[in-house]
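Colleague: attaching a predicted model along with its sequence, questions to come.
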Amino acid sequence: MREGTLEGGRTLTVVDESAVIARVRSGEPEAYAELVRAYTRVALRAAVACGAGADAEDVVQSAFFKAYRSLGSFREGSAFRPWLLRIVVNETRNTVRSAVRMRELAGREAMLLGAAEPLIPDTADPAAAAVAGERRGRLLAALDELGEEHRQVVIHRYLLELDESETAQALGWPRGTVKSRLNRALRKLERLLPDAPEGGEDHG
Amino acid sequence: MAERELPPVPGPGPGDALEDELRELGRRLPLPDVDGGTMAERVLARMIAESVPVPVAETVPVRRRVASWIRRRWRTLTVTLSGVLVVLVLTPPVRAAVADWFGFGGVQVRYDPSASPPPGAALPACREPVSAAEAGRRAGFVPRAPRALGEPDAVSVSAVPGGRSTVSLCWYGRAGSTVRLDVFPARLDLGFSKQVRIRPQWLELSGGRTALWFAEPHVLRFPLTGGAGQRWTESRRTAGPTLLWMSADGRTTLRLEGEADMARGREIAESMP
């Protein structure tokens, strides 16, 4: 199931979200389940990307609960997903202490390199898969070397696949700032990383 | 905001490969194995367990803000006009889906394994009592008392959303105890009730009718309505043992609270004229 998709394959639009939120506010709290169902995956992705590790599930549950409690301050007609992700990222930050986080980051890389089940098999060739896995490990490591703002903008824009305006909303920055920080972050990542994967075997 | 297809990637150019790699990285993050349904269940369970009030929009135009202020004031004033129950939240030990709802007459029952009803207060009395004739005039049906209880000490009427009314009959015991019978128009929908695992006990009354016995304390939610039937808010309280059943003609739902003994509850229900 894709993020933002309900059972049956229907995706949630801003209009749908507004309708659900209106139902919740008018005394039908159960309607909130629709939003939780639709955005659980992307929220988990955000928590994991920000280093929640094994706590991701709890962090997301807690974020959904907090989002419900502050639903009164949600601006009608705006998108729910970036608003929610902002809460998820804050919750991750609050929950995960830095020392723990470092350990989790190490674990995360190990999982990516080894155990994680690829969504789509890269190739039948295990050697090529290993190379791709290694490359992702390096990418993660490079990401962790970025400053917090640069890391966040890359996570939101690419790892969570938000568009530019959603990224701006989630981070609470003007769009111009998103654009420029993203640019700088990408340049920096390129410098931190060895050659792009097209090079195949001769990377690193 | 829908999760669309991936953002279209313009033709290959410098930097695009890195962006693609980053998207790929996001999709391959190892996520915990929990689906949206399970998460929704947990979040709702916590909302109920912590009795979180329904969020009210904060940033509203001044006019609406004033209206909401008045409404909040009104709430305190209209508590006395309280109406009928809508939802019962039970506390069975089993894990059950949040979607485990069923209707019984005019009552919706919902399972919530994690709900912990706060300690119950005394069963509310029939406020602003009226005569039985007046109650009949206002509600559109004549409330009749079960023979086993005799004439009620008080009768009150409250408006229910949808322009209907609930008639409540109260009997007051010497020790300050109250037995209360709420009668409201509704039909029984057995087809719907079959969809859930049954925690409350099903009883069979004479004539093949069915009743539901809730032995455990549970959270009761009911709307508070204004004098003109406007629905203001929902309120909740912890209810004690309750018997629910339908009248013989199937036109009203009856809810008896304040009688802790199931056999006596059944006897009262059977003695309805």
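Modeller: Cool, the structure landed.
Colleague: so which residues of the stretch 101-250 of chain B form helices?
Modeller: B:132-139, B:190-193 (DSSP state H, counting those that start in this stretch).
Colleague: any idea how far the residue most central in space within chain A lies from residue A:173?
Modeller: The residue lying closest to the centre of chain A (CA atoms, centre = their mean) is residue A:46, at 2.8 Å. Taking CB to CB, to the nearest Å as the measure, residue A:46 falls 17 Å from residue A:173. Just so you know, the C-beta spots here come from the backbone N, C-alpha and C atoms, and that holds for glycine as well.
Colleague: over to residue A:28?
Modeller: 34 Å.
Colleague: out of the two, which sits in the busier spot?
Modeller: Applying other CB atoms under 10 Å in any protein chain shown to residue A:28 and residue A:173 shows that residue A:173 carries more neighbours, namely 17 against 13.
Colleague: re earlier: compare the mean pLDDT across the helices of the stretch 101-250 of chain B and name the weakest.
Modeller: Sorting those by mean pLDDT places helix B:190-193 lowest, at a mean of 26.
Colleague: neighbours of residue B:270, how many?
Modeller: Neighbours around residue B:270, by other CB under 10 Å: 16.
Colleague: again with residue A:177
Modeller: With other CB under 10 Å as criterion, residue A:177 counts 15.
Colleague: what of residue B:175?
Modeller: Residues near residue B:175, counting by other CB under 10 Å: 5.
Colleague: the residue nearest to the centre of chain A is in contact with residue A:86, isn't it?
Modeller: No - with contacts defined as CB atoms under 8 Å, residue A:46 does not count as touching residue A:86, sitting 9.3 Å away.
Colleague: I figured residue B:142 hits residue B:155, correct?
Modeller: No - with contact defined as CB under 8 Å, residue B:142 does not reach residue B:155; the gap is 10.8 Å.
Colleague: between those two, who's got more neighbours?
Modeller: residue B:155 (23 against 12).
Colleague: what residues are up against residue 18?
Modeller: If you meant another chain, say so; for now it's chain A. Residue A:18 makes contact with A:76, A:77, according to CB atoms under 8 Å, 6 or more residues apart in numbering or on different chains.
Colleague: looking at chain B here, not the other one
Modeller: Residue B:18 touches A:186, A:189, A:190, A:193, A:196, counting by CB under 8 Å, 6+ apart.
Colleague: then residue B:172?
Modeller: B:125, B:153, B:154, B:178.
Colleague: remind me what the lengthiest helix in chain A packs against, helices and strands.
Modeller: Counting residues, the longest helix found in chain A (DSSP state H) is helix A:126-145. On a contact count with 3 or more CB pairs under 8 Å, 6 or more residues apart in numbering or on different chains; DSSP states H and E, helix A:126-145 meets helix A:98-113, helix A:148-154, helix A:175-192, helix B:16-27.
Colleague: pull the residues that contact the helix or strand following the shortest one.
Modeller: Scanning forward in sequence from helix A:148-154 by DSSP states H and E, the next helix or strand is helix A:164-171. Counting contacts by CB under 8 Å, 6+ apart, the residues outside helix A:164-171 that touch it are A:78-79, A:81-83, A:85-86, A:89, A:152-153, A:156-157, A:162, A:174-175, A:177-179, A:182, B:1.
Colleague: again with stretch A:54-66
Modeller: A:36, A:40, A:43-44, A:47-48, A:52, A:84, A:87-88, A:90-92, A:95-96, A:104, A:107, B:31-32, B:34, B:39, B:42-43, B:46-47, B:52.
Colleague: for chain B, where's the lowest mean pLDDT among helices and strands?
Modeller: Sorted by mean pLDDT, DSSP states H and E, the helices and strands of chain B end with helix B:190-193, the least confident at a mean of 26.
Colleague: also chain A?
Modeller: helix A:98-113 (a mean of 50).
Colleague: for chain A, give me the ranges with low pLDDT.
Modeller: A:1-10, A:97-126, A:195-204 (pLDDT under 70).
Colleague: number of nearby residues for residue A:82?
Modeller: Quick note: residue A:82 (other CB under 10 Å) scores 21 neighbours.
Colleague: and residue B:37, that one's in a helix?
Modeller: Yes - Residue B:37: assigned to a helix according to DSSP: H, G, I helix; E, B strand; the rest coil.
Colleague: chain neighbours aside, what residue packs nearest to it?
Modeller: residue A:37 (5.9 Å; CB to CB, 6 or more residues apart in numbering or on different chains).
Colleague: so the one you found versus residue B:35, what's the distance?
Modeller: 8 Å.
Colleague: the two - which one has more neighbours?
Modeller: Neighbours of residue A:37 and residue B:35, each counted by other CB under 10 Å, are more numerous for residue A:37; the result is 22 against 12.
Colleague: doesn't the more buried one lie inside a helix?
Modeller: Yes - according to three-state DSSP, residue A:37 belongs to a helix.
Colleague: from residue B:184, how far off is it?
Modeller: Distance from residue A:37 to residue B:184, by CB to CB: 33 Å.
Colleague: and if you look at residue B:258?
Modeller: Taken as CB to CB, the span from residue B:258 to residue B:184 is 17 Å.
Colleague: which one of these two has more residues nearby?
Modeller: More neighbours surround residue B:184 than the other of residue B:258 and residue B:184, with 23 against 20 (other CB under 10 Å).
Colleague: beta partners for the residue nearest to the more buried one when sequence neighbours are not counted?
Modeller: Leaving aside its sequence neighbours, residue B:184 sits nearest to residue B:166 (CB to CB, 6+ apart; 4.1 Å). Beta-bridge partners for residue B:166, by DSSP bridges, are residue B:158.
Colleague: so where's the stretch 101-250 of chain B shaky on pLDDT?
Modeller: B:101-121, B:160-164, B:186-200, B:208, B:217-238, B:250.
Colleague: which residues does residue A:31 contact?
Modeller: A:20, A:23, A:24.
Colleague: out of those residues, flag the one nearest to chain B.
Modeller: residue A:24 (6.7 Å; CB to the nearest CB).
Colleague: assign a three-state SS to that closest one, would you?
Modeller: Residue A:24 is classified as helix under three-state DSSP.
Colleague: isn't residue B:211 up against residue B:269?
Modeller: Yes - contact criterion CB under 8 Å: residue B:211 and residue B:269 qualify, at 5.9 Å.
Colleague: joint contacts of the two?
Modeller: Joint contacts of residue B:211 and residue B:269 (CB under 8 Å, 6+ apart) are B:205, B:243, B:245.
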